[in-house]
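Undergrad: Generate coordinates for the sequence data below:
(chains A and B)
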Protein chains: 2
Amino acid sequence: MTARVLVVDDSPRNLKLLEARLSAEYFDVLTATNGADALEICAEGECDIVLLDVMMPGIDGLEVCRRLKACALTSHIPVVMLTALNQPADRLRGLNAGADDFLTKPVDQAVLLARVRSLSKLRLSLDDLRSRALQLAKLGIGDPFAEALADDGYGGRIMLVEDCPSTAAIIKDALRRHHIVTAGRDWGRAFDPCEARRFDLFIVSLDLACYDGLRYCARLRSQAETLQTPVVAIARAGDRQKILRGLDIGVNDFVLRPPDDSELATRTRTLIKRKRYADCLRGKVGAMLEMAACDPLTGLRNRRYLEAHLASLLEQSLADPLCAMILDLDGFKLVNDLHGHAAGDEILRCFALRVAEVLRAKGLLCRLGGDEFAAVMPETNLSAGLEIAENIRSADSSDSFAVTGDVPVSVTVSAGLAESAGDSCAGPLHRADVALYEAKRGGRNRISAHYAANGRLTG
Amino acid sequence: MTARVLVVDDSPRNLKLLEARLSAEYFDVLTATNGADALEICAEGECDIVLLDVMMPGIDGLEVCRRLKACALTSHIPVVMLTALNQPADRLRGLNAGADDFLTKPVDQAVLLARVRSLSKLRLSLDDLRSRALQLAKLGIGDPFAEALADDGYGGRIMLVEDCPSTAAIIKDALRRHHIVTAGRDWGRAFDPCEARRFDLFIVSLDLACYDGLRYCARLRSQAETLQTPVVAIARAGDRQKILRGLDIGVNDFVLRPPDDSELATRTRTLIKRKRYADCLRGKVGAMLEMAACDPLTGLRNRRYLEAHLASLLEQSLADPLCAMILDLDGFKLVNDLHGHAAGDEILRCFALRVAEVLRAKGLLCRLGGDEFAAVMPETNLSAGLEIAENIRSADSSDSFAVTGDVPVSVTVSAGLAESAGDSCAGPLHRADVALYEAKRGGRNRISAHYAANGRLTG
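TA: Predicted coordinates for the structure are as follows:
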């Protein structure tokens, strides 16, 4: 896997060295000698990963990193800081700025390349998701990025797979103030499909006595439920091969033994933020897809959904009767005219709730538009349907609707019903519509049924 | 990157060997000794890649592959066939069954592993997309999988990067019957962001005289526009290292020199089908997201979209006036009652088109629900807005609507207008609503305006 890597360093010599090394590995390399240029390249969407020197004149690396992470356009871009600073406090400052990793010069080239390769895989899952989220932002119906950015990375559910009591104690102490840490020996929970999705992060020892930690990580990566859940491995400093192998398999980050508590806490937070960022975008896109089948005013299913589902509902109820009902508020136009559209909308929302309450799970309720609703009730014959309709009608004619800042408004409802008769998809709804027309002609506030067999109508 | 690999072979010895080899590389291995079991495991969604023996008693490998590729649940799973058959005709039969690759035993283990690793990356981009598409299928509003499966892989736009005239001629001959092949020396077109997206496949020589073919492939993989576009490399049989490197970088498939025309044609088709499968799912998800902001009946923007955008439209037009208009068909209830809802819907669709025609790009037109529409026109003052409204009204009162199988129906329209006055978001629309009420009270088929400054209304 390759990617566009931006190398930022004020030393031309360092730039050249890194550029040559990355280019030999077929990465597409861009360079910048100062923070301002780096920020511009990132904002233009021209790079996938940033390798960032800390000490630069002007905007230094820490500040560049902070700004990248605070901006919706760039917060997803992984940042690896490279520096001659080698104190734990420096390291922590870098990680706190939001960096995904902080490597001290002279950098182990193999580790750096493995890390860059691993970070470049993030694009495969994130690029598509981001373009869908950008589409939502452009449509203006929700800003998924703002919400994703707001997450603080705290309150994560973490599973710890470590059999060394002292290391486990350090890790639990470091994390339990801000997260829920599941320790113990029940490591198989990660592979229970129901449980697996609940975790935001796994911390896995590569030195378990009875199990190959790398294989544990590989299993997390290969099962669908944890494919994208971050994994941090705990390794011994000397286990370079294991570390490289882990990055290749899909481990996201490493902490060396004995783990430094602040560093672990910061890395954990960065990874949880990254996971929730993707979760948030995914959730928003999913919610919007649901909305395509929903009426915006009442939250009921819309005409599009009803039409798509009617055929399969009819098919499922070939043996049983299916009852279709169309409901229409009487003289609703007048309500809008007298009380304004805001009040009218409130009544529609309230009416939708009432009908849903009467129907419960017995049928599919949709708003067709305006003050017209349709319900399709499987395994319901016409007389059972008429009973339901009568419950709705009588509730409506006895209870008025409370409208904010106005007097209660009374609105009656008319309904037309019809039963399926092995006919076409539109059949029952069309006959219900004919029956509704009869109900309206008959004086409103009433229910009418259409009998397919003999075409008789009853008021 | 790891994955769940299903190995299917009727020889327990072969199964053991492959299982051990893959497991040592940290793949999660499942095994099956016959076609029926293999199909079941795939249908259950338990594996990401299938390694398939051709000759098995019962359902043979070719048939298993065909069935996997014909089923919406499993068509996306990559299949590599492994066989002792070594004739080009056997190979072609396997590829024609839909296999992603066909390797002859004894298999070069490094090539097999590189191939499996490369195929396992497909999940990262496809898993998310598939779950969104599954959500759509579940909602019943479109079946993206059926459409994706129907594609035949023909008619692709292919860019050929090859400087050897005889190889280029073979490739063009092999493909131009079913595809559009762009050859020539203008290889830079692939890196022009506008052009890049147009191609469905790239075929790249790894033996170019003036450029490193692997670097060309890497650049295709690193730029966003071609990140997911399939790449086939043309290599010499002896260039094993280049082939392995290519797979690592993200090349999808290889053809050895001199290319066999039938094999190239089949591999090309498989890759184009795979690309279009993802494109199709992506397109459907995108279209459905658009629909969340659209009214299902007229295709206009809906209330949800209007509310989300009104604030920013007002903000943009702080200096310029902005005109809001609410349109409402007169006595439309009667149309539904007299002519049925189908006719009513047709009139609403037709009216929406008329209004859109008059407005052109001058404003944002939405259906609020029922027979009520709203238009927000930036950079338009009240008198310009009144002119537009009058054009709509007069067109409507003079031209009747043609309704299928019925007499033409005349419907008039009333409208209320108001100008922005530096007030709150809901302000102009609310005032337009007040004006609409006046128009209705004044006798319908007329336009009324609300003047914020002095509250005066004109009919």
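Undergrad: and stretch A:141-156, is it in reach of chain B?
TA: Yes. Under the criterion of CB under 8 Å from any CB of the partner chain, chain B is reached by stretch A:141-156 at A:141-142. (Glycine included, C-beta is placed from N, CA and C.)
Undergrad: what does stretch A:377-397 give?
TA: No. On the criterion CB under 8 Å from any CB, stretch A:377-397 is out of touch with chain B, staying 14.6 Å away.
Undergrad: Give me the buried stretch members for that stretch, please.
TA: If you call a residue buried by 16 or more other CB atoms under 10 Å in any protein chain shown, then stretch A:377-397 has these buried ones: A:377-378, A:380, A:382, A:385-386, A:388-389, A:392-393, A:396.
Undergrad: Filter these down to just the ones in helices.
TA: A:382, A:385-386, A:388-389, A:392-393, A:396 (DSSP state H).
Undergrad: Start and end of stretch A:373-392, how far apart?
TA: One end of stretch A:373-392 sits 12 Å from the other (CA to CA, to the nearest Å).
Undergrad: how far does it sit from the chain's center?
TA: 36 Å (CA atoms, centre = their mean, to the nearest Å).
Undergrad: can you tell me which of the ones in helices among the buried residues of stretch A:377-397 lies nearest to B:V50?
TA: The closest of those to B:V50 turns out to be A:G385 (CB to CB; 49.8 Å).
Undergrad: Just list the residues touching the closest residue to A:A168 other than its chain neighbours, thanks.
TA: Nearest non-adjacent residue to A:A168, counting by CB to CB, 6 or more residues apart in numbering or on different chains: A:E162, 4.5 Å away. The neighbours of A:E162, taking CB atoms under 8 Å, 6 or more residues apart in numbering or on different chains as the test, are A:168, A:171, A:183, A:203-205, A:208, A:234.
Undergrad: Tell me where the stretch 301-450 of chain A has strands.
TA: Ranges of strands in the stretch 301-450 of chain A, per DSSP state E, counting those that start in this stretch, are A:301-302, A:322-329, A:364-369, A:372-378, A:413-419, A:447-450.
Undergrad: Model confidence for the closest residue to chain B within the stretch 251-400 of chain A, exactly?
TA: Of all residues in the stretch 251-400 of chain A, A:G370 sits closest to chain B, at 2.8 Å by CB to the nearest CB. On the pLDDT scale, A:G370 is placed at 82.
Undergrad: hang on, it packs against A:V335?
TA: No. Counting by CB atoms under 8 Å, A:G370 stays clear of A:V335, with 11.6 Å between them.
Undergrad: downstream neighbour of whichever strand or helix holds A:N14 in the secondary structure list?
TA: Assigned by DSSP states H and E, A:N14 belongs to helix A:12-24. Remark: after helix A:12-24, the chain's next helix or strand is strand A:28-32, criterion DSSP H and E.
Undergrad: contact partners of that next one?
TA: When contacts are defined by CB under 8 Å, 6+ apart, strand A:28-32 is touched by residues A:2-9, A:15, A:18-19, A:22-23, A:38, A:41, A:46-47, B:218-219, B:222-223.
Undergrad: coming back round to it: strands - which of the contacts of A:E162 land there?
TA: A:203-205, A:234 (DSSP state E).
Undergrad: how about stretch A:81-93: buried residues?
TA: Using 16+ other CB under 10 Å as the test for burial, stretch A:81-93 gives A:81-83, A:90-93.
Undergrad: Could I get the CA-only coordinates of it as PDB?
TA: The C-alpha atoms that make up stretch A:81-93 are tabulated as PDB, following Å, rounded to 0.1, in the frame of the first residue of the first chain:
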ATOM      1  CA  MET A  81       6.600  13.500  14.600                       C
ATOM      2  CA  LEU A  82      10.300  13.100  14.100                       C
ATOM      3  CA  THR A  83      12.700  14.800  16.500                       C
ATOM      4  CA  ALA A  84      16.100  14.900  18.100                       C
ATOM      5  CA  LEU A  85      14.400  15.500  21.400                       C
ATOM      6  CA  ASN A  86      14.500  12.300  23.400                       C
ATOM      7  CA  GLN A  87      13.000  13.100  26.800                       C
ATOM      8  CA  PRO A  88       9.800  11.400  27.800                       C
ATOM      9  CA  ALA A  89       8.300  14.900  28.400                       C
ATOM     10  CA  ASP A  90       9.100  15.900  24.800                       C
ATOM     11  CA  ARG A  91       7.500  12.800  23.600                       C
ATOM     12  CA  LEU A  92       4.400  13.400  25.600                       C
ATOM     13  CA  ARG A  93       4.100  17.000  24.400                       C
END
